[in-house]
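Participant: have a look at this fold, sequence not included:
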């Protein structure tokens, strides 16, 4: 069996060595990412073809000579024969132009520990078109002389493509020239490099065009092709190919024989299309000029001005002929020539005289005309005189003006008319010139100027600078207190520009407390009360004094700012003093009632704070400075029962502070379930813990006696109340109205005075709280000689159920603040007329002890007559 296996292995080896090729070739593109799969050497070499799967797993591949010099480090061969790249390949950095770019990787093949052979794997790196043709620079400048002929050339740089393959690096050039003045010549030298030249295809003329912009596009043969662009700026260099040119071939001028020597006779003017020195012109008297004429004149070579010499006045000639030359500064210089004829007039030739008579003269040389004058309106009469005869006395006049024209009336008479519509607001003044000349040879001319003032008409409406003027002012200002100005504009003059302001009166503005002067000044006409009205909307009118009068309207909004001119006032209680009976039970809520006040002012001036001024010596009461909730500030004891004449104050937040006071005569009735004596009054309940221990110690001793006393007392009061109720209904049917006058607090389904949660009122009504308010404090302290307490105390929930009969005395219904199964009950005060009460409506607590029934060993129990039983009035 073993011999057969050995024989099979030898046969397989022989077969492998006889069929495996020596080399394997692969292709891979440059710029592929690292670890790109190239091929499977094991599969492509056919080494595993005759082997079983088990034998195939024994064949391994190992890469040899992974060196930088050989380039084999760029590839990786796995043990299973998979070939990968190790990095991004760049053909341009690995190979040279137009040659195959490849690397050889040697791979050792083993079967188990037995060496089989070495494979030479050739990897050919394919170039991709990843480079575009590039010029040495993006823009070049070349120059042609304007005398360069057709076929003149200038060399330009060629483009280079870094790709190594021939298709990707082959460059095709294209020249873009909109003028078609230039073309591109491409010549390939022996080394294969292209030589580029720009060829001139026509004639250049710098005076017509001095700059050409071309664009050379180099495109490679890749797919897709890439291209580079070279901008070419061609400048045409000037040559002196243009002669100076006079504006006229013949000039004719006339001077008087008394012409001043410092005034130029004539100024020559010539132009040259060349630039630089080639266009620099100098003037000379040409050699063709008669020497006799030359000696009477001199010429400024730079400016071209011709002046008379000193000896000019001694000559009696009346005509001179000068040949003048204009010469440029080119090399060689070019020139041109013109002729100047100078006519000299003597005293026998008179200049025409112009006389103007205006329809509406202002001065001898000015007139006025209304801006609403129609086209063709007559504004002046012109008379021209010339004492000469013949052609020297024949006159022709002109006006060169866009707004006025001259009309010939014959016999040297003219009239000046309006040519175009006038608008003073655009131009209010014109200067007009009349030029007249005779028909002599040479003709003599004269010019006369006059001014035209355009007068205004009321043709522009006044206009407010704003559509709505807004002002702020405080109330209670004195009469004639300034509010502000309103302003309008009118470009008209005179009465048409004089503006008058007024308030447009209507039914709503009859009693406005403001006045407006005709100059636009707004002030108060009477004291203003913001509480009556805080915003005034007015409509104002501005009109000019022209004929007809023009006007405009605008709106005025005046907002009245508040001053603290109203003191707050109490809305509840609504009479002073106010009688209030309060019946306290250990399970009563601590809130008593709500003080309510109002202030007609706004803002901080109406931000109200409450406080207690006096009669709170026991610190039994506190009032919330912001919500006005009056409540007990501590535990209520039996000896707290009695009448308290409490005085309250409400202050606003204005400057100066305004306040109001009210008094409540509060009669407190304390249930005998309450602790008998008050040992100490503190704003803080720091000794509650000690009291708890005392209660625990003495509770066992006193609870039985207290229960007996309370039970007996309740029974007695129940009988008394039942008797009083029956008597009151028979003897005094109006006792409910008396109760209303006392404002006893009833518990009903319609709360109007005290809610169970006072913080809800505070959150709903208070918009801003001033933490610096003198009424906002956490400790008990005197403020402005009145005392109050804000010690936080919350009544604990009392789950006990109890029943109690109502007790009535002196024809009044007493209010008992008890706790029942309805936890949402509230204390209220309302009118209860024609309502009957029965014992079945009242419940009494017979068991349960609250925190207000603590025993105080240092205070003797009070007698039954020292306090009155609290009563609870339930709704029917």
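Facilitator: Sure, I can see it. Quantities reported herein were computed from a predicted structural model and do not represent experimental measurements. Numbers count the residues shown, from 1 in each chain.

Participant: for residue 443, the count of nearby residues, please.
Facilitator: Neighbour count for residue 443, taken as other Cβ atoms under 10 Å: 18. All C-beta spots, glycine's among them, are computed from the backbone N, C-alpha and C.

Participant: wait, residue 359
Facilitator: For residue 359, the neighbour count with other Cβ under 10 Å is 14.

Participant: what are the ranges of the strands in the stretch 51-200 of the chain?
Facilitator: 59-64, 75-77, 82-85, 102-111, 114-126, 139-145, 153-156, 171-176, 182-188, 194-200 (DSSP state E, counting those that start in this stretch).

Participant: counting contacts, what elements does the fifth one pack onto?
Facilitator: Secondary-structure packing of strand 114-126 (3 or more Cβ pairs under 8 Å, 6 or more residues apart in numbering; DSSP states H and E): strand 23-29, helix 91-94, strand 102-111.

Participant: what residues of it count as buried?
Facilitator: 116, 119, 121, 123, 125 (16 or more other Cβ atoms under 10 Å).

Participant: and what of the second one?
Facilitator: When burial is assessed from 16+ other Cβ under 10 Å, strand 75-77 yields the following buried residues: 75-77.

Participant: pairing partners for that strand, with directions?
Facilitator: strand 82-85 (antiparallel) (DSSP bridges).

Participant: so what touches the strand it pairs with?
Facilitator: 26, 28, 32, 34-42, 74-78, 105, 121, 123 (Cβ atoms under 8 Å, 6 or more residues apart in numbering).

Participant: can I get the buried residues of strand 75-77 in a markdown table with pLDDT?
Facilitator: Listed next are those as a markdown table, based on pLDDT from 0 to 100:
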| residue | pLDDT |
| --- | --- |
| 75 | 87 |
| 76 | 85 |
| 77 | 86 |
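
Participant: out of the residues you listed, the closest to residue 390 would be?
Facilitator: residue 75 (115.4 Å; Cβ to Cβ).

Participant: which residues does the closest one contact?
Facilitator: 38, 63, 83-86, 103, 105, 123.

Participant: let's see 7 Å
Facilitator: 83-86, 105, 123 (Cβ atoms under 7 Å, 6 or more residues apart in numbering).

Participant: could you do residue 448 as well?
Facilitator: Counted by Cβ under 7 Å, 6+ apart, residue 448 has contacts 354, 356, 434.

Participant: so the last one makes contact with residue 399?
Facilitator: In this case it means residue 434. Yes - using Cβ atoms under 7 Å, residue 434 makes contact with residue 399 at a distance of 5.6 Å.

Participant: who touches both of the two?
Facilitator: Contacts common to residue 434 and residue 399, judged by Cβ under 7 Å, 6+ apart, are residue 406.

Participant: higher neighbour count, those two?
Facilitator: For residue 434 versus residue 399, neighbours defined as other Cβ under 10 Å are more numerous around residue 434 (23 against 18).

Participant: elements contacting the helix or strand encompassing the more buried one?
Facilitator: Using DSSP states H and E, the element containing residue 434 is strand 429-438. Using 3 or more Cβ pairs under 7 Å, 6 or more residues apart in numbering; DSSP states H and E as the contact test, the elements touching strand 429-438 are strand 395-399, strand 445-455.

Participant: I'd like to know how far residue 184 sits from residue 230.
Facilitator: 11 Å (Cβ to Cβ, to the nearest Å).

Participant: and residue 383, by the same measure?
Facilitator: 76 Å.

Participant: more neighbours, those two?
Facilitator: With neighbours defined as other Cβ under 10 Å, residue 383 and residue 230 compare such that residue 230 has more, 24 against 14.

Participant: that one contacts residue 133, correct?
Facilitator: No - using Cβ under 7 Å as the test, residue 230 is too far from residue 133 to be in contact (9.5 Å).

Participant: for the residue lying closest to residue 211 once chain neighbours are set aside, list each beta-bridge partner.
Facilitator: Computed as Cβ to Cβ, 6 or more residues apart in numbering, the closest residue to residue 211 that is not its neighbour in sequence is residue 235, at 5.8 Å. Counting by DSSP bridges, residue 235 is bridged to residue 143, residue 211.
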